[in-house]
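Novice: From the sequence below, what's the structure:
(one chain, ligands or ions: 2)
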Amino acid sequence: MANLNIDSVKARTYDAIVIGSGMAGGWAAKELTGKGLKTLVVERGRDVQHIKDYPTTNMMPWEFPHGGALPLDVKEANPVVSRCYAFREDAMHFFVKDAEHPYVQEKPFDWIRGYQVGGKSLMWARQTQRWSSFDFEGPARDGFAVDWPIRYQDVAPWYSYVEKFAGISGHADGLAELPDGEFLPAYPLNAVEDYFRQQVKQKYPGRHVISARCAHLSKPNPVHYEQGRVQCQNRVLCQRGCPFGGYFSSNSTTLPWAQKSGLLTLKPNQVVQSILYDEQQQRATGIRVVDTHTKATTEYYARIVFVNAGALNTNLLLLNSTSHRFPQGLGNDNGLMGKFVGFHNYSARISAEYDGAKDLTTDGRNPAGGGYIPRFRNVFKQETNFLRGYAAGLEAHRGLDHTEHAIGNGFKDSILHPKFGPWTVGSHMMGETIPKETNYVRLDPTRKDEWGMPLLNISVAYDDNDAKMKQDYFDQFSEMFTQAGFTNIKTQDSGQAPGLDIHEMGGVRMGRDPKTSLLNEWNQLHACPNVFVTDGACMTSTSTQNPSLTYMALTARAVDYAVKAAARGGVV
Ligand SMILES: Cc1cc2nc3c(=O)[nH]c(=O)nc-3n(C[C@H](O)[C@H](O)[C@H](O)COP(=O)(O)OP(=O)(O)OC[C@H]3O[C@@H](n4cnc5c(N)ncnc54)[C@H](O)[C@@H]3O)c2cc1C
Ligand code: SF4
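Specialist: Numbers count the residues shown, from 1 in each chain. Ligands and ions are numbered 1, 2, ... in the order given. This next block holds a predicted model:
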């Protein structure tokens, strides 16, 4: 019997465990197996295999019962997730539905999640920009949160490393505030986007309109073909899962690569309830999981644990990993875990029309989504009455004018004798928020889900800084649009709750001092160094850039450190 137990423990012992198989977990799996470690990836959601499990990917618009729109009953049953622009008939199977996984909104927060193998890497909009020195130096310069324990130079080689493998299209623009990367060719701006670029260049020195940078294979390299991926076909049906592997996801890229090593064990449908801590060894020894179908619990063991459950779920899991040594959650000696949550502010938009370029129209599709305007406020020095700033997206479009006849003979006639509508131009703000102690998540003291996990209470709100920043975006873009000769300019404050930007970060922040932070410069828990957190939970501040590329780079960097440290017989 004793032997049987030993055999059973051995069978459940790995070199490394990764919790979550999304953007960060996929990278951890690839890197750990690539370095020869027998790795277990545990994922709470169902399995989603590349191509095979993209049920809508080749469907025609008329094959959808609701033409792609959200069915009314689904909308009514899911008020939170329905507010996400990407929750549509063709992709709704990738989104967590409201009733399936409840959480507590102490303040309104739209928590958008994807519980499946691949996590939200299947659902994302693929915008990928590096952070700059101004971002990593931000908290120290502007006096909020704590100083990052790393600088741009520490991450730059790892940005290059992940960009080459993932495939990022972009243009080398030579901007200090938005460093260039290892780019595949950029998707060009269309005529009116380019016109606006020139106008801004002439009239606003220091402001730039560039091609959006995105994780699409505009021109694959040999390593991408080796991954089984081919050139992006510009179908722009990415939200359904891409059979060409045209965009980066864990499912198309990192997980299959890790599988090829023969060292990966992937276990879907397993909720990690807690991380096990051994007081004598003073380290984490493994995890306790619950099978989503049978509800049976099992333990798995490893020397290295990567927590990549997605920012807020990583907070939930660590807070729930209590022991005699860590009664407030694993590594939470200072009681700050769950606090200083940050996010992005996407609640402002502006639209306009352009009367020029009448001989031109848009043709084809741009999977990058148009232009990007890097942050220009408070970059080199503080110049406004609010801290930090915003980046912005830019999109111009000109389509056929069907407004008069949406159906019938008139509609047919408008197709046979096309008449173009005006150029429309739109922009949305991507504002940096300041992580504050009062923006927090915590475990619900009484309520649990059906797998025995406490519900997560979320208490996050905008503040006065966000309001001033939004007003500045409206003022600056109204002026820039006016200067460019655009008309019918309309600002729109969506009034949306935090969360819909889907870039929640923090709660387990990095820092130099164990008294004021949870993780060190290598993403190790100060108080339990064989546990690494490299998803959004680790972020000390939020920048304006889309965050996922930074999670990928930090993950690859931390794995490199962990494996080298382990080889030296070091802390892990
Ligand atoms: C519509 C949309 C558009 C977006 N656009 C962009 C963009 O353009 N650019 C950008 O940078 N980012 C974008 N994002 C955000 C991006 O998807 C996330 O930043 C990224 O996926 C986060 O990676 P992650 O690994 O931390 O989390 P996820 O990708 O969410 O993966 C976490 C995984 O952990 C699993 N998990 C959670 N709890 C447990 C547990 N207890 N046990 C086991 N498994 C668990 C989850 O099921 C999930 O699979 C977008 C997201 C959405 C939904
Ligand atoms: S645009 Fe590219 S990545 Fe998106 S679905 Fe089409 S081929 Fe795939």
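
Novice: and residue 218, how far is that from ligand 1?
Specialist: 16 Å (C-beta to the nearest ligand atom, to the nearest Å). All C-beta spots, glycine's among them, are computed from the backbone N, C-alpha and C.

Novice: Residue of the chain closest to ligand 1, please.
Specialist: Closest residue of the chain to ligand 1, C-beta to the nearest ligand atom: residue 22 (1.9 Å).

Novice: How many residues are close by that residue?
Specialist: When neighbours are counted by other C-beta atoms under 10 Å, residue 22 registers 31.

Novice: Any chance of the backbone angles for the closest residue to it other than its chain neighbours?
Specialist: Once flanking residues are discounted, residue 22 sits nearest to residue 119: 2.2 Å by C-beta to C-beta, 6 or more residues apart in numbering. The phi and psi values for residue 119, taken as degrees, to the nearest 10, are phi 50, psi -140.

Novice: So the residue of the chain closest to ligand 1 sits against residue 251, correct?
Specialist: No. With contact defined as C-beta atoms under 8 Å, residue 22 does not reach residue 251; the gap is 9.9 Å.

Novice: overlap in contacts of these two?
Specialist: Shared contacts of residue 22 and residue 251 (C-beta atoms under 8 Å, 6 or more residues apart in numbering): 118, 121.

Novice: circling back to that earlier point, in contact with the residue of the chain closest to ligand 1, which residues?
Specialist: Counting by C-beta under 8 Å, 6+ apart, residue 22 has contacts 114, 118, 119, 120, 121, 250, 308, 310, 535.

Novice: related to what we said a few turns ago, my read: the residue nearest to residue 22 touches residue 314, true?
Specialist: No. Using C-beta under 8 Å as the test, residue 119 is too far from residue 314 to be in contact (11.8 Å).

Novice: Need the overlap of contacts for those two.
Specialist: Common neighbours of residue 119 and residue 314 (C-beta under 8 Å, 6+ apart) are residue 20.

Novice: who's more crowded, the two?
Specialist: residue 119 (31 against 24).

Novice: The stretch 351-500 of the chain: strands as residue ranges?
Specialist: For the stretch 351-500 of the chain, the strands defined by DSSP state E, counting those that start in this stretch cover 371-373, 390-397, 423-432, 440-448, 454-459, 487-493.

Novice: now the angle from the fourth one to strand 454-459?
Specialist: Okay, so that is strand 440-448. 140 degrees (axes from the mean of the first three to the mean of the last three C-alpha atoms, to 10 degrees).

Novice: Show me what strand 440-448 is packed against.
Specialist: helix 311-319, strand 339-342, strand 454-459 (3 or more C-beta pairs under 8 Å, 6 or more residues apart in numbering; DSSP states H and E).

Novice: So which of these is nearest residue 487?
Specialist: strand 339-342 (36.7 Å; C-beta to C-beta).

Novice: Show me what the next helix or strand after that closest one pairs with in its sheet, parallel or antiparallel.
Specialist: Downstream of strand 339-342, the first helix or strand assigned by DSSP states H and E is strand 344-345. Sheet pairing of strand 344-345 (DSSP bridges) gives strand 423-432 (antiparallel).

Novice: right, is the strand it pairs with up against ligand 1?
Specialist: No. Strand 423-432 lies apart from ligand 1 when judged by C-beta under 6 Å from any ligand atom; the minimum separation is 9.8 Å.

Novice: can you pull the contacts of residue 556?
Specialist: 27, 31, 158, 161, 162.

Novice: at 10 Å what do you get?
Specialist: Residues near residue 556 by C-beta atoms under 10 Å, 6 or more residues apart in numbering: 24, 27-28, 30-31, 34, 155, 157-159, 161-162, 165, 534.

Novice: Could you do residue 175 as well?
Specialist: Taking C-beta under 10 Å, 6+ apart, we find residue 175 in contact with 132, 206, 208, 210, 374, 379.

Novice: Contacting ligand 1 as well, which ones from the contacts of residue 556?
Specialist: residue 24.

Novice: on that earlier part again, got a markdown table for the helices and strands packed on strand 440-448, with distance to residue 188 too?
Specialist: Formatted as a markdown table, the helices and strands packed on strand 440-448 follow (distance: least, C-beta to C-beta, whole Å):
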| stretch | distance to residue 188 |
| --- | --- |
| helix 311-319 | 34 |
| strand 339-342 | 33 |
| strand 454-459 | 40 |
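
Novice: Just send these back as CSV, with mean pLDDT and distance to ligand 2 too.
Specialist: As requested, the helices and strands packed on strand 440-448 are exported to CSV (pLDDT from 0 to 100; distance: least, C-beta to the nearest ligand atom, whole Å):
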stretch, mean pLDDT, distance to ligand 2
helix 311-319, 98, 25
strand 339-342, 98, 29
strand 454-459, 98, 32
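
Novice: Could I get the ones you listed in TSV, plus columns for distance to ligand 1?
Specialist: Shown next, in TSV, are the helices and strands packed on strand 440-448 (distance: least, C-beta to the nearest ligand atom, whole Å):
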stretch	distance to ligand 1
helix 311-319	4
strand 339-342	13
strand 454-459	10
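
Novice: quick one, which of those is nearest to residue 52?
Specialist: helix 311-319 (26.1 Å).

Novice: tell me the angle of that closest one relative to strand 440-448?
Specialist: Going by the same axes, to 10 degrees, helix 311-319 makes 70 degrees with strand 440-448.

Novice: how distant is helix 311-319 from the center of its chain?
Specialist: 16 Å (C-alpha atoms, centre = their mean, to the nearest Å).

Novice: Stretch 47-55 too?
Specialist: With C-alpha atoms, centre = their mean, you get 20 Å for stretch 47-55.

Novice: Could you list the residues in contact with that stretch?
Specialist: Taking C-beta under 10 Å, 6+ apart as the rule, stretch 47-55 contacts 21, 46, 57, 90-91, 93-94, 114, 116-119, 122, 228-229, 237, 240-245, 249-253, 255-256, 266-269.

Novice: Tell me if I am right that residue 326 is in a strand.
Specialist: No. Residue 326: not assigned to a strand; according to DSSP: H, G, I helix; E, B strand; the rest coil it is coil.

Novice: Am I right that it is in contact with residue 518?
Specialist: No. Judged on C-beta atoms under 10 Å, residue 326 makes no contact with residue 518 at a distance of 11.5 Å.

Novice: more neighbours, these two?
Specialist: Taking other C-beta under 10 Å, residue 326 and residue 518 do not tie; residue 518 has more neighbours (33 against 21).

Novice: Skipping adjacent residues, who's closest to the more buried one in space?
Specialist: Distances taken as C-beta to C-beta, 6+ apart place residue 508 nearest to residue 518, at 4.6 Å, with adjacent residues excluded.

Novice: What is the burial count for that neighbour?
Specialist: 32.

Novice: how near is it to residue 144?
Specialist: Distance of residue 508 to residue 144, given as C-beta to C-beta, to the nearest Å: 17 Å.

Novice: residues contacting the closest residue to ligand 2 within the stretch 451-572 of the chain?
Specialist: Residue of the stretch 451-572 of the chain nearest ligand 2, by C-beta to the nearest ligand atom: residue 548 (15.5 Å). Residues in contact with residue 548 (C-beta under 10 Å, 6+ apart) are 22-24, 27, 120-121, 124-128, 162, 166, 215, 248, 503, 535-536.

Novice: What pLDDT is listed against residue 572?
Specialist: On pLDDT, residue 572 comes in at 61.

Novice: my read: residue 23 touches residue 309, true?
Specialist: No. Contact criterion C-beta under 10 Å: residue 23 and residue 309 do not qualify, at 11.6 Å.

Novice: how near is the closest residue to residue 360 other than its chain neighbours to ligand 2?
Specialist: Closest residue to residue 360 apart from its sequence neighbours, by C-beta to C-beta, 6+ apart: residue 191 at 4.6 Å. Remark: distance between residue 191 and ligand 2 (C-beta to the nearest ligand atom) = 21 Å.
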